[in-house]
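Novice: the sequence isn't on hand, but the structure is:
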């Protein structure tokens, strides 16, 4: 069985000595794609009602859905 | 099809809410068009309740539908602004924590402390649970204000993006010099040790 390569974990106190990378800085296109993902995720969360801690103030209880049923 | 005069006040309120929502939709749509989806859906529900109220002859039914239409319109305004606030917060988090996690922002962006405070206030606004006790118009205005402030914060980050990239490169140069210094010191120590042995 081949040995799996293990990622080397660098201790936090040593990290300041290692070079930083600009690979994480996105291009314009990557940024647009990332923005799309973020926006879609927010819309999805709203649709699922899993966000909006303060949205309960509007007392929306899905009444329209109930009526349609 | 026309509602009796007694509902005129409620219809006017609804009209105002629609106008506020419409302005929000336009503004947030300019940031990212998909963000208006939830607000539009709420307005769709509001419209449907309104049509039902118009079609009904039963005063109880009319009142219930007008109330529901109002709540959906209010929720639309909330959702529109909430989406925009969340969008900006997620973008800012990504920039700070993923793209430039090791950059000292305070040393790179002059008014960084103020920006952090603005971000903190906007984040806190999402967690407020007792807004129903407050004036709704004021609440909408605050939500809109958070969107505008976060937009400004994001633009400031964007303006300083080249500075952040320079900060990463500067940090790497400093590290390289530190390592070179360390290597020279180690080599010197080795030379001294060997020369003593000889």
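Specialist: Noted; the coordinates are in hand. Just so it is clear, the structure is predicted and the values come from calculations on it, not from any experiment. Numbers count the residues shown, from 1 in each chain, chains lettered A, B, ... in the order given.
Novice: worst-scoring helix or strand of chain B, pLDDT-wise?
Specialist: Lowest on mean pLDDT, DSSP states H and E among the helices and strands of chain B sits helix B:136-159, with a mean of 86.
Novice: what's the first helix or strand after that one?
Specialist: Next in sequence after helix B:136-159, counting helices and strands by DSSP states H and E, comes helix B:161-197.
Novice: do that next one and chain A meet?
Specialist: Yes. Helix B:161-197 is in contact with chain A by CB under 8 Å from any CB of the partner chain, via B:165, B:168, B:169, B:171, B:172, B:175, B:176, B:178, B:179. Just so you know, the C-beta spots here come from the backbone N, C-alpha and C atoms, and that holds for glycine as well.
Novice: for the third one, give me its contacts.
Specialist: I take that to be residue B:169. residue A:22 (CB atoms under 8 Å, 6 or more residues apart in numbering or on different chains).
Novice: same thing but 10 Å
Specialist: Residue B:169 sits next to A:19, A:20, A:22 when contact means CB atoms under 10 Å, 6 or more residues apart in numbering or on different chains.
Novice: who wins for neighbours among these?
Specialist: residue A:20 (19 neighbours; other CB atoms under 10 Å in any protein chain shown).
Novice: where's residue A:46 relative to chain B, distance?
Specialist: Counting by CB to the nearest CB, to the nearest Å, the separation of residue A:46 from chain B is 4 Å.
Novice: and that residue, what element?
Specialist: Assigned by DSSP H and E, residue A:46 falls in helix A:28-48.
Novice: same question, residue B:101
Specialist: Using DSSP H and E, no helix or strand contains residue B:101.
Novice: what about it, neighbour count?
Specialist: If you count neighbours by other CB under 10 Å, residue B:101 ends up with 10.
Novice: you'd agree residue B:13 is up against residue B:66?
Specialist: Yes. Using CB atoms under 10 Å, residue B:13 is in contact with residue B:66, at 9.1 Å.
Novice: between the two, which has more neighbouring residues?
Specialist: residue B:66 (22 against 15).
Novice: in the helix holding residue A:46, which residues are buried?
Specialist: Across helix A:28-48, burial judged by 16 or more other CB atoms under 10 Å in any protein chain shown covers A:31, A:34, A:35, A:38, A:39, A:42, A:43, A:46.
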